[in-house]
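Enquirer: mind looking at a prediction? Sequence and model below.
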Amino acid sequence: MPEVVIRKRVVCVEEIFHEGGPVAEKPLRRAATIAVIRNPFAGAYVASIEGFMEELKPLGLEMARQLVAVLGGDAKVVEGYGKGAIVGSAGELEHGALWHVPGGYAMREVLGGAKAIVASSKKVGGPGTRLDVPITHINASYVRSHFDSMEVGVNDAPRADELLLVLVMTTGARVHARVGGLKASEIKGEDGLR
Amino acid sequence: MKAKIRKIVTLVEETQREMDREISPPTRRAAAIAVIDNPFAGTYFEDLSELMAIGEELGELLTVRAVTALGIAGPSAESYGKAAAVGEDGELEHAAAILHPKLGTPVRRVLGKGAALIPSSKKRGGMGVVLDIPLGHKDAAFVRSHFDGMEVRINDAPRANEIMVAIAVTDSGRPLPRVGGLTKEQIKGEDGLR
């Protein structure tokens, strides 16, 4: 399989103090890391692409570790996660799907075996395309306070023959979460759902 | 703290390849953006000194955030820029009050020097408005390799009664500069221009 060739890396951290209500004692932080890489399958239909997932694993791990680092270095502060991909115009949506395994595996690994499925979104688009990366609790998908998302994008990426890969981690609930549902304190943690 | 901050976003971009050439070391730039309450939204106020004081405060806070995100000491920064976007109930002059009278001094204090004018841009806009922060060498405005810009955007800011204030700092110029002009090695650093 072709090697991973990175053009650009972007890291974005949002620190949210309030949204019109009381100022949070601990501000919510959301961090995204983005890698813009060459799409080795751009321009033509390639039947067998699965092997590229293995090539992406080291990049996924590095990105997951980078997120923990920018959030202060302690994986225990991470409560939510998500992932996504934008495929440049000479590629197909299926190329974005290559990120599911290496991206998800990497975050679970770095977070010490998080149980919930990693929420994801993907699309095909031109440079500057914005992607809403969905976010859910790392151990129980149904924790309502942690349903969130983070918008990401890079003005000059992805070019036609590129893939933009994203991982997102957050440190808590929405800043003024108050619509009930399963609470983080009620997680059983058996099935990754509740 | 005079500024009522809702949110702070930091962003780091690292370019490792351009036109399939390796950029070594990679060029890096960081932006730190604060979303603050606009105390003068909705009504005409003659005296804007409160915003000028907020500018002074944010000059230090955002520059420290940006150099910290780059992982460099302030004096290692090479270029800088600033920008503000005023929500729809404010006026352009509010951005000017933050950016121009007092913001520069703490920026230069954090960066050690900064003889050159800090290039700036401003606009009024709705949530998700794009700010192109102009960049120029911090000690000599004519250094051609460092004329650049960094695009920033926050999907949920500025609200009508908010202002988005951004400072960008780099540790490098464009990835493959080759249009001549004054180089950083030729800086005299006396007048902020050459």
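Expert: Looks like it came in fine.

Enquirer: the closest residue to A:Val143 other than its chain neighbours pairs with what?
Expert: On the basis of Cβ to Cβ, 6 or more residues apart in numbering or on different chains, the spatially nearest residue to A:Val143 that is not a chain neighbour turns out to be A:His137, at 3.7 Å. All C-beta spots, glycine's among them, are computed from the backbone N, C-alpha and C. Taking DSSP bridges as the rule, A:His137 bridges to A:Gly80.

Enquirer: now for A:His137: which residues touch it?
Expert: Counting by Cβ atoms under 8 Å, 6 or more residues apart in numbering or on different chains, A:His137 touches A:79-80, A:116, A:143, A:146, A:184, A:187.

Enquirer: check which residues of the helix ranked longest in chain B are buried.
Expert: Within chain B, and with DSSP state H defining each element, the longest helix by residue count is helix B:49-70. By neighbour count, with 16 or more other Cβ atoms under 10 Å in any protein chain shown as the criterion, the buried positions of helix B:49-70 are B:51-67, B:69-70.

Enquirer: do the same with stretch A:69-76
Expert: Buried residues in stretch A:69-76, counting neighbours by 16+ other Cβ under 10 Å, are found at A:70-71, A:75.

Enquirer: check the offset of it from the chain's centre.
Expert: 15 Å (Cα atoms, centre = their mean, to the nearest Å).

Enquirer: what lies in contact with that stretch?
Expert: Judged by Cβ under 8 Å, 6+ apart, the contacts made with stretch A:69-76 from elsewhere in the structure are A:11, A:13, A:29, A:31, A:33, A:68, A:77-78, A:110-112, A:169, A:171.

Enquirer: buried among these? Need that as a selection in PyMOL.
Expert: Selecting just the buried residues from the contacts of stretch A:69-76 in PyMOL takes one command, with 16+ other Cβ under 10 Å as the test:
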select buried, chain A and resi 11+13+29+31+33+68+78+110+111+169+171
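
Enquirer: mind checking which of the contacts of stretch A:69-76 land in helices?
Expert: Per DSSP H, these map to helices at A:68, A:110.

Enquirer: distance to B:Leu99 added to the contacts of stretch A:69-76, as JSON lines?
Expert: Formatted as JSON lines, these follow (distance: Cβ to Cβ, whole Å):
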{"residue": "A:Val11", "distance to B:Leu99": "25"}
{"residue": "A:Val13", "distance to B:Leu99": "23"}
{"residue": "A:Arg29", "distance to B:Leu99": "27"}
{"residue": "A:Ala31", "distance to B:Leu99": "28"}
{"residue": "A:Thr33", "distance to B:Leu99": "30"}
{"residue": "A:Val68", "distance to B:Leu99": "35"}
{"residue": "A:Val77", "distance to B:Leu99": "34"}
{"residue": "A:Val78", "distance to B:Leu99": "36"}
{"residue": "A:Val110", "distance to B:Leu99": "40"}
{"residue": "A:Leu111", "distance to B:Leu99": "41"}
{"residue": "A:Gly112", "distance to B:Leu99": "45"}
{"residue": "A:Met169", "distance to B:Leu99": "33"}
{"residue": "A:Thr171", "distance to B:Leu99": "31"}
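
Enquirer: and stretch B:122-134, how far out from the chain middle?
Expert: Distance, stretch centre to chain centre, for stretch B:122-134: 12 Å (Cα atoms, centre = their mean).

Enquirer: which residues belonging to stretch A:141-155 are considered buried?
Expert: Buried residues in stretch A:141-155, counted by 16+ other Cβ under 10 Å: A:141-154.

Enquirer: wait, which of the residues you listed is closest to A:His176?
Expert: The shortest separation between A:His176 and any of the buried residues of stretch A:141-155 is 10.0 Å, and it belongs to A:Ser145 (by Cβ to Cβ).

Enquirer: now the closest one: how far from chain B?
Expert: Distance check for A:Ser145 against chain B: by Cβ to the nearest Cβ, to the nearest Å, it reads 18 Å.

Enquirer: check the buried residues of stretch A:141-155 and tell me the two furthest apart.
Expert: A:Tyr142 and A:Val154 (32.1 Å).

Enquirer: now the buried members of the contacts of A:His137.
Expert: Applying 16+ other Cβ under 10 Å to the contacts of A:His137, the neighbour count classes A:79-80, A:116, A:143, A:146, A:184, A:187 as buried.

Enquirer: as CSV, those with secondary structure and distance to B:Thr43 would be great.
Expert: Converted to CSV, these look like this (DSSP: H, G, I helix; E, B strand; the rest coil; distance: Cβ to Cβ, whole Å):
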residue, secondary structure, distance to B:Thr43
A:Glu79, coil, 41
A:Gly80, strand, 40
A:Ala116, coil, 48
A:Val143, strand, 43
A:His146, helix, 39
A:Ala184, helix, 42
A:Ile187, coil, 48
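
Enquirer: the helices in chain B, which residues?
Expert: B:49-70, B:92-99, B:104-111.

Enquirer: in CSV, list those helices along with distance to A:Ala47.
Expert: Listed next are these as CSV, based on distance: least, Cβ to Cβ, whole Å:
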stretch, distance to A:Ala47
helix B:49-70, 42
helix B:92-99, 54
helix B:104-111, 54
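
Enquirer: output these as CSV; include the columns distance to B:Pro177 and mean pLDDT.
Expert: Putting those into CSV (distance: least, Cβ to Cβ, whole Å; pLDDT from 0 to 100) gives the following:
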stretch, distance to B:Pro177, mean pLDDT
helix B:49-70, 19, 98
helix B:92-99, 27, 96
helix B:104-111, 21, 97
